[in-house]
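**Student:** I'd like to go over a predicted model; first the sequence, then the structure.
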Amino acid sequence: YQVKTLIPHAENAKLNRLINRTLGQSIAGDDYPMVPTNPALHLRAAARNHLLRYRKQEIDTVMLREEHAAYASQHDYETEVMLNKANLVSLAAFHYYFTGGVHGNYETTLYNFSVEPPKKLTYDDLFIPGTASAIAQLMTDYAQKTEMPVTDDITAPTKNVGLTDTAVIFNYPPYEIASYADGEQLFVLTYGELMPYLTEEAKALIAPLK
């Protein structure tokens with residue numbers, strides 16, 4: 001069980017609490033308090049709770065004899081900064097987990113925040129309602145142009161989006177629209193391409209990035 005994460009030290013205490021709570025709940029789930037006071041301490045406590053539950057589980061000894069990895073457990077978490085500029089912070093939280101079987105699984109969850117006022121930005125904050133099909137068409141064009149190994153039709157964009165200096169990243173985990181072997185699928189659409197579909201709030205946030 002491994003956690004490698006970031007702890008914000010912004011001048012705005014409300015922003016710090018918002019990011020700490022978002023990342024803490026992403027990593028530790030219900031073991032993370034609603035009002036975090038010491039993120040490092042809380043995450044260590046969450047790790048102990050996770051391992052305690054693992055040790056207390058009922059064991060099928062027959063299964064254990066037949067398959068030594070039946071009760072294997074590995075959880076790795078890591079966060080990194082995608083964007084920390086102007087009035088925006090975007091973070092990527094990578095999760096890998098293995099609980100027996102042929103292979104583990106993984107996914108990256110993307111989080112976006114405005115600095116002032118401190119706010120966690122959702123897909124609906126960024127994109128105008130009713131534009132999903134148009135954005136999906138842009139994604140389909142991108143997949144064809146870059147020869148992505150997409151097996152399913154893209155009828156609506158994922159809401160797992162992250163902001164960079166120049167573009168929005170739409171991230172799909174393995175299996176969702178492609179095979180496990182093909183890994184995560186990332187669609188990178190520039191702000192210029194998406195401009196007709198961005199909310200006024202989103203346009204105001206990305207304007208200083210230019």
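**Tutor:** Sure, I can see it. Every value quoted in this text rests on a predicted model; they were computed, and no experiment measured them.
**Student:** so what's the residue nearest to residue 115 when sequence neighbours are not counted up against?
**Tutor:** In space, and not counting its chain neighbours, residue 115 is closest to residue 87: 4.8 Å by CB to CB, 6 or more residues apart in numbering. For glycine as for every other residue, the C-beta is placed from the backbone atoms N, C-alpha and C. The neighbours of residue 87, taking CB atoms under 8 Å, 6 or more residues apart in numbering as the test, are 114-116, 205, 208.
**Student:** what's next to the helix or strand of the chain with the lowest mean pLDDT, contact-wise?
**Tutor:** Sorting the helices and strands of the chain by mean pLDDT, DSSP states H and E puts helix 61-66 at the bottom, at a mean of 85. Here helix 61-66 makes contact (CB under 8 Å, 6+ apart) with 70-71.
**Student:** and that helix, how far out from the chain's middle?
**Tutor:** Relative to its chain's centre, helix 61-66 lies at 36 Å (CA atoms, centre = their mean, to the nearest Å).
**Student:** residues near residue 7, how many?
**Tutor:** Applying other CB atoms under 10 Å, we find 15 residues neighbouring residue 7.
**Student:** ignoring the adjacent residues along the chain, who's closest to it?
**Tutor:** residue 39 (5.2 Å).
**Student:** same question for residue 5.
**Tutor:** residue 79 (4.6 Å).
**Student:** for that neighbour, give me phi and psi.
**Tutor:** Note on residue 79: backbone dihedrals following degrees, to the nearest 10 are phi -120, psi 150.
**Student:** sorry, back to before: and the residue nearest to residue 7, what does it touch?
**Tutor:** Residues near residue 39 by CB under 8 Å, 6+ apart: 5, 7, 20, 23-24.
**Student:** quick one: it from residue 155, how far?
**Tutor:** 38 Å (CB to CB, to the nearest Å).
**Student:** quick one, strands of the chain?
**Tutor:** Listed in chain order, the strands of the chain (DSSP state E) span 2-4, 74-85, 88-98, 105-114, 119-121, 161-163, 167-172, 185-190.
**Student:** the last one to strand 167-172, inter-axis angle?
**Tutor:** With axes from the mean of the first three to the mean of the last three CA atoms, to 10 degrees as the basis, strand 185-190 and strand 167-172 are set at 160 degrees to each other.
**Student:** and the residue nearest the centre of the chain, what is it in contact with?
**Tutor:** Centroid-nearest residue in the chain: residue 109, 0.7 Å away (criterion: CA atoms, centre = their mean). Residue 109 makes contact with 26, 92-93, 95, 160, according to CB under 8 Å, 6+ apart.
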